[in-house]
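# sequence first, predicted coordinates after that:
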Amino acid sequence: MKNVRGGGGPRSGGAARGGEPGGSGAQKPSPSRTGAPVERPARRSRPPATARGVALEVVRAVARDDAYANLLLPVAIRRARLGSADAGLATELAYGTLRRRGLYDAIIVEASGRGLDRIDADALDVLRLGAHQLLAMRVPAHAAVGETVELSRAIGAHRATGFINAVLRRIAQRSEREWVDVLLAHETDPDARLAIETAHPAWVVSALRSALEREGRGGELPVLLAADNVSPRVTLVALPGIADIPPELETARTRHSPLGYLSPSGDPAADPEVAAGRVRVQDEGSQLAALALSRARPVAAGEHWLDLCAGPGGKAALLAAEAIAGGATLVANEVVPARAELVRKALAPLGDGIEVRTSDGRTVGATDPGRFDRILLDAPCTGLGALRRRPEARWRKTEADVPSLAALQAELLEAAIGALRPGGLLAYVTCSPHPAETTEVVDRVLAGDAATAAGVRRVDTAGVLADVVREALDLGELDGAVQLWPHRHGGDAMFIQLLERSATDEAHPLDTLPE
Ligand SMILES: C[S@@+](CC[C@H](N)C(=O)[O-])C[C@H]1O[C@@H](n2cnc3c(N)ncnc32)[C@H](O)[C@@H]1O
């Protein structure tokens, strides 16, 4: 499915906004299809303190302010003092609308006969919410249309109510399957068709297809895309040394990670262990990525470890716990100061002996050459492996983001190699399975002068993880790397490649794969 309009509006200051650098200021009028600017009306009033009002607030903030729904929604629910039934409704409305936004936009264009750039931004957000109620939530049509039109009045969009009413009535004339068939009639490309059927951008479908085909599992694509549309259960990690999996939750343990278990409550923050930071919310794939590095070989007391891109600190907390247990020390680095603050908070329950730095990871090869025994490079990426947990994410990144991210990933990997002690271990990790961000980055960097001079080799990461996991992982063939998948393993699609720098003293030889 094409991105009918680029991911999200321009950034401005807003609650629960993304911590990435690069906000661009006030909202500008966007050009219409004819090239003439379409004036956006002044921002209207805050939506009412109802389930639909809260959902609209979140959908609006995501579209205009690049807010993160998972951060903003709990705040908006608390502020509106919603009871649990209304909180559930607001969550389904907001997450469902955001996840399927591209599909709803295409249906709205078809039903209204107007391009998105000719629809007022408030009216569009209201229409998206209405479309979700009509097509995916089994809300009776009269209620969905009536409540949605009422919502548009409540935010002061009086002039748009006739238009909203008419478009929603037209949408209500067909089921979602019938609308999908209408859209499919314009499309012959297989990935574009799958994109429409599963509400993904077409470029994402193509990237996921090539990632699966890379391991000879292309036939799994429809199952993967379906898995992306189901919110996962919340997974917790008990940090070694300061927490244990409660014995009464033995049956809730994760399939693969030895430290994980499913949260027994929908509100993990209410658990005192989670509130104290000894137990953390963490996807199973992320747990395995950290453990692949910490458990690849026994820890020697005095080892120096580095988490190069640590914010917000989930893997850093697990690595720190593992380091402390083995007598090693960890340095956690993060370039964005606000995210470095989150890393400090995540590490606080583990004592105050962990250094947190705020510097550009690309400089570490020069500032700390050959210093670290183990380095985690959990690189900034498109996040295509975590689409289940971040409903808006698939519409936010674009294909054009990939080359610059891949270039940054390669620079960070080269710097990390420079900071690796001879014989040291490095985990290159992304929460994206995109070949351009994973195997291609590793291939390119390993073929370069710096990695060749340092004698960097791939480590059989699947073999390492086989000794870590509780239940064997069903993995494809990937030249020594591990690619996890939501549909196959239940966690995010983390890519993990362990690398080893050749040791001058050959103190800790590992089974390495020939280049
Ligand atoms: C995928 S996230 C890391 C997630 C983290 N490991 C965790 O488990 O919580 C990548 C992080 O890299 C940071 N980052 C981006 N560019 C960086 C750079 N040049 N140097 C260091 N960190 C960078 C981002 O701000 C982001 O916090």
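Received, thanks.
# from L98, how far off is G216?
With the distance defined as C-beta to C-beta, to the nearest Å, G216 ends up 33 Å from L98. C-beta here means a position set from N, CA and C on the backbone, and glycine is covered the same way.
# same question for G130.
From G130 across to L98, the span is 14 Å (C-beta to C-beta).
# give the residue from the two that has the larger number of neighbours.
The residue with the greater number of neighbours, taking G130 and L98 and applying other C-beta atoms under 10 Å, is G130; the counts read 28 against 25.
# buried residues, stretch 111-130. List them.
Buried residues in stretch 111-130, counted by 16 or more other C-beta atoms under 10 Å: 111-112, 114, 116-117, 119-130.
# so where's the stretch 401-515 of the chain shaky on pLDDT?
Applying pLDDT under 70 to the stretch 401-515 of the chain flags the ranges 505-515.
# the chain against the ligand: which residues are in contact?
By the rule C-beta under 6 Å from any ligand atom, the part of the chain lying against the ligand is 286, 309-315, 333-336, 339, 360-362, 378, 380, 431.
# buried among these? Need that as a selection in ChimeraX.
Applied in ChimeraX, the following selects the buried portion of those according to 16+ other C-beta under 10 Å:
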select :286,309,310,311,312,313,314,315,333,334,335,336,339,361,362,378,380,431
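# the residues of the chain next to the ligand in strands, which ones?
With strands defined by DSSP state E, the entries of those inside them are N333, D378.
# restricted to helices, list the residues of the chain next to the ligand.
By the criterion of DSSP state H, membership of the residues of the chain next to the ligand in helices covers S286, G314, K315, R339.
# burial count for the closest residue to D120 other than its chain neighbours?
Counting by C-beta to C-beta, 6 or more residues apart in numbering, A160 is the residue found nearest to D120 once chain neighbours are left out, at 5.6 Å. One way to gauge burial is a neighbour count; for A160, by other C-beta under 10 Å, it gives 23.
# then V281?
Here the count is done by other C-beta under 10 Å, and V281 has 14 residues near it.
# equivalent analysis for A292, please.
Applying other C-beta under 10 Å, I find that A292 has 25 neighbouring residues.
# surely it is within a helix?
Yes. The assignment for A292 is a helix, going by DSSP: H, G, I helix; E, B strand; the rest coil.
# for it, give its distance to the ligand.
13 Å (C-beta to the nearest ligand atom, to the nearest Å).
# show me what contacts that residue?
Counting by C-beta atoms under 8 Å, 6 or more residues apart in numbering, A292 makes contact with A427, T461, V464, L465, V468, V482, I496, L498.
# now do it, the pLDDT please.
pLDDT, the model's per-residue confidence, is 98 for A292.
# equivalent analysis for H158, please.
Reported pLDDT at H158 in the predicted model: 84.
# for it, what are its contacts?
Contact analysis of H158 by C-beta under 8 Å, 6+ apart lists S152.
# how close does it get to R114?
Applying C-beta to C-beta, one obtains 19 Å for the distance of H158 from R114.
# didn't P391 look like it was pressed against G102?
No. Using C-beta atoms under 8 Å, P391 makes no contact with G102, being 11.8 Å away.
# what packs against the longest helix anywhere in the chain?
Taking DSSP H as the criterion, the chain has its longest helix at helix 401-418. Other elements packing on helix 401-418 under the criterion 3 or more C-beta pairs under 8 Å, 6 or more residues apart in numbering; DSSP states H and E are helix 364-367, strand 372-378, strand 420-430, helix 439-446, helix 449-453.
# please, which helix or strand holds R280?
strand 279-281 (DSSP states H and E).
# now swap in E500 and tell me
With elements delineated by DSSP H and E, E500 resides in strand 495-501, which encompasses its position.
# returning to what we had before: phi, psi of the residue nearest to D120?
The phi and psi torsions at A160 (degrees, to the nearest 10) take the values phi -90, psi -10.
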